[in-house]
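# Take a look and give me a structure for this.
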Amino acid sequence: MQVNLLQCQSSRDVQANLAFIDEQLSQLPRQENHPQLVVLPECSLLFGGHEQQQLSVAGDDKTSELKQALAALAKRHRVYMVAGTIPILANDGRVYSRSYLFDDTGDTLGSYDKLHLFDVEVADSTRSYRESDTFCPGDRISVIDTPFGKVGLAICYDVRFADLFRALRAAGADIIALPSAFTKVTGEAHWQVLVQARAIESQCYILAADQWGKHNQGSRETWGQSMIVDPWGHIVAERKTGTGWVQGQIDRQQLNDIRQQIPVVEHNRFNLPVLTTAL
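Next comes the predicted model:
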């Protein structure tokens, strides 16, 4: 079963971003008669848009034009698609950063709203990131049945929170898709080691699709290095720079063997009761 990550250099131009993804899908190297899973990066249709632009293109789950456009691409190109992230209206005036998983007919199999919001200080030209000004955090995890196995969903900054990946494994995940837009500074320091650690800990395939390069006349720069990492922590395939495809195979036998040989789920004693001692 073939998995495909698309490394993008998205901008604030929704139509240009959509056209790029459409063009890349039309050129996707594929094995005929084999199911195809595509993972797009975070903010694949709108990167760097300020609050008003996010709100102007956001819709609800049923009316979102961005959702409909991505579902149409999945149907036209006959791929299962983890469709990066798009803004979906929340009840408090903000938006969710939502990732949808579509099947190869364009039907929605499931979705996930980013749990951990990127409110941090980074030593780059942007310096202060405050996603919570625009985005509302999610409140659930998501693991979805597909022909590739059970796919768990996480987004970018989530990769720093090992408990989420442990929960996805406990919920049955075999594969975890990670649409991302890691900054160049944090990506250079932490991206590879975090992705490999989450794969090793969860004993899942991690499909980490990242944005790359300078965006919107250089106002933001992302790291790239989209990669497929197997449950042993081995990098199956990666693209460090540039836009385009990263491709690999899911080896279910390897997945099962690793879990049988090192049964960390059975051995985990993290939920032991806490003993407190009064002074």
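# what residues are up against residue 97?
Residue 97 makes contact with 42, 85, 86, 87, 113, 114, 131, 135, 155, according to C-beta atoms under 8 Å, 6 or more residues apart in numbering. No exception for glycine: its C-beta is placed from N, CA and C like everyone else's.
# Kindly indicate which of the residues you listed lies nearest residue 53.
Checking the contacts of residue 97 against residue 53 with C-beta to C-beta, the nearest one is residue 87 at 9.1 Å.
# Please give the element, helix or strand, for that closest one.
strand 86-89 (DSSP states H and E).
# for the contacts of residue 97, which one is nearest residue 7?
Taking C-beta to C-beta as the measure, residue 42 is the one of those closest to residue 7, at 11.7 Å.
# average pLDDT for the strand holding residue 87?
For strand 86-89, the mean pLDDT works out to 98.
# Just the mean pLDDT for the strand ranked longest in the chain, thanks.
Identified as the longest strand of the chain according to DSSP state E is strand 95-102. What strand 95-102 shows for mean pLDDT is 98.
# and it, how far from the chain's centre?
Remark: strand 95-102 is offset 10 Å from the chain centroid, using C-alpha atoms, centre = their mean, to the nearest Å.
# and the residue lying closest to residue 270 once chain neighbours are set aside, what pLDDT?
Among residues not flanking residue 270 along the chain, residue 166 sits closest, at 7.9 Å (C-beta to C-beta, 6 or more residues apart in numbering). Listed pLDDT for residue 166 reads 96.
# so is residue 166 in a helix, a strand, or just coil?
Following DSSP: H, G, I helix; E, B strand; the rest coil, we place residue 166 in the helix state.
# Surely it is in contact with residue 203?
No. At 10.5 Å, residue 166 does not count as touching residue 203 under the criterion of C-beta atoms under 8 Å.
# Between those two, which is the more surrounded one?
residue 203 (22 against 17; other C-beta atoms under 10 Å).
# for that one, what are its contacts?
169, 231, 255, 258, 259, 262, 264, 265.
# try it again with 6 Å
231, 258, 259 (C-beta atoms under 6 Å, 6 or more residues apart in numbering).
# Output those as JSON lines; include the columns pLDDT.
Listed next are the contacts of residue 203 as JSON lines, based on pLDDT from 0 to 100:
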{"residue": "231", "pLDDT": "98"}
{"residue": "258", "pLDDT": "98"}
{"residue": "259", "pLDDT": "98"}
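# Now do the SS call for residue 132.
Here residue 132 is recorded as helix under three-state DSSP.
# for it, what are its contacts?
By C-beta under 6 Å, 6+ apart, the contact list for residue 132 reads 117, 119.
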